[in-house]
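Trainee: fold the following.
(one chain, ligands or ions: 1)
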Amino acid sequence: MASTIKSKLYAGIEAGGTKFNCVIGTDPQTILKRTKIATSTPDVTLVEVKDWFVQQSLELGPFSALGIACFGPLDLQPASPSYGHITATPKPHWSKTDVAGYFQSELNVPVGFDTDVNGSALGEHLYGAGQNISDFVYVTVGTGIGAGIFVNGALLKGMVHSELGHIRLPRDPSQDSFAGNCSFHGDCLTGLAAGPAINARWNCSGSALPEHHPAWDLEAHYLALMCVNIVMSYSPKRIILGGGVMDQRHLFPVIRRKFAQLLNNFMLPETPLDDYIVPPGLPGTSGEVGALALAINAELELR
Ligand code: ZN
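Mentor: Okay, here's the model as predicted:
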């Protein structure tokens, strides 16, 4: 039975390595329905997600478009034969999965498709800590590390998309004997500072480590080095740090202090650092807001 909702409906998927967060809204900030579906294999998860949206469209009415903010790496080149696919991901079973094409054919709506972190950056740009800022970088520090980079008011696309989480940082073995756990690079940024690296280095979940544990000073050191590299590369007007690790809000003042020390008065932002390195304006929801914004963009592009 279709409802009497008069507004257009948009569907959004924040597709992560552990769950698919599925939402339906009339705009990016007005969510009518939501569910979370565990990420297992594509054959199971994509069908479960599709079935949920089909059921919702029967109850609420048809969707105008779908936006997908997906874990990657992804093929985002529209002219490529594998556009819309997850490419070579370390996540078992998901390499070469056609995510965008599957939902486009099953749901028969325009599909907007981008990385999960680009989706979050778009959400922050529209409604969060990146509003009215033409040049900013949004970084998520969680199961992995990734960045959405806004340049001149638009997301930087480039050859593929940013993989800022895999930049190389100096590691002093006398201070940090952990060799890193990135399956590609060992001690890249992700291998040193993402959630699984914290767990592996200290043999303890990060969420169980107390605030005064030395893990956090080291974590702040690596994230401050990352922020220095971001400033040198993109000269952004703000850096937003989100993701599960950044729920440890005590990290922020330590990162800012170390960042200033590392810069050593070279390229130090004029903005007070409390206002320069900041938490998200949409904590926990920037991804779903971004997914719905991708849906609206997809619909507009077809007009
Ligand atoms: Zn790496």
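Trainee: quick one: end-to-end length of stretch 228-246, please.
Mentor: End-to-end distance of stretch 228-246 (C-alpha to C-alpha, to the nearest Å): 17 Å.
Trainee: now swap in stretch 11-31 and tell me
Mentor: Stretch 11-31: ends 10 Å apart by C-alpha to C-alpha.
Trainee: also stretch 170-182?
Mentor: Start-to-end, stretch 170-182 (C-alpha to C-alpha) is 15 Å.
Trainee: got a list of contacts for stretch 224-239?
Mentor: The contact list for stretch 224-239 (C-beta atoms under 8 Å, 6 or more residues apart in numbering) reads 129-130, 133-137, 139, 145, 147, 149-151, 164, 167, 169-170, 189, 193, 254-256, 258-259, 261-263, 267, 269, 271, 275-278. Backbone N, C-alpha and C define where each C-beta goes, glycine included.
Trainee: list the contacts for Gly84?
Mentor: Neighbour list for Gly84: Leu74, Asp75, Asp98, Val99, Ala100, Gly101, Gln104, Val111, Phe113 [criterion: C-beta under 8 Å, 6+ apart].
Trainee: same check, this time on Gln104
Mentor: By C-beta under 8 Å, 6+ apart, Gln104 lies in contact with Leu66, Gly84, Pro110, Val111.
Trainee: please identify the helix or strand for it.
Mentor: Using DSSP states H and E, Gln104 maps to helix 99-107.
Trainee: what about stretch 127-139, distance to the chain center?
Mentor: Remark: stretch 127-139 is offset 13 Å from the chain centroid, using C-alpha atoms, centre = their mean, to the nearest Å.
Trainee: and it, what's buried?
Mentor: Using 16 or more other C-beta atoms under 10 Å as the test for burial, stretch 127-139 gives Tyr127, Gly128, Ala129, Gly130, Asp135, Phe136, Val137, Tyr138, Val139.
Trainee: give me the most central residue, the chain.
Mentor: For the chain, the residue nearest the mean C-alpha position is Val117 (2.2 Å; C-alpha atoms, centre = their mean).
Trainee: from memory that residue sits against Gly148, does it?
Mentor: Yes: judged on C-beta atoms under 8 Å, Val117 makes contact with Gly148 at a distance of 4.7 Å.
Trainee: any shared contact partners between these two?
Mentor: Tyr138.
Trainee: what residues sit buried inside the helix holding Gln104?
Mentor: Quick answer for helix 99-107 (16+ other C-beta under 10 Å): Val99, Ala100, Tyr102, Phe103, Gln104, Glu106, Leu107.
Trainee: just the closest of the residues you listed to Lys50, please.
Mentor: Set against Lys50, the nearest of those by C-beta to C-beta is Glu106 (4.8 Å).
Trainee: show me the contacts for the closest one.
Mentor: Here Glu106 is in contact with Lys50, Val54 (criterion: C-beta under 8 Å, 6+ apart).
Trainee: ok, now Ser205?
Mentor: Applying C-beta under 8 Å, 6+ apart to Ser205 gives the contacts Asn199.
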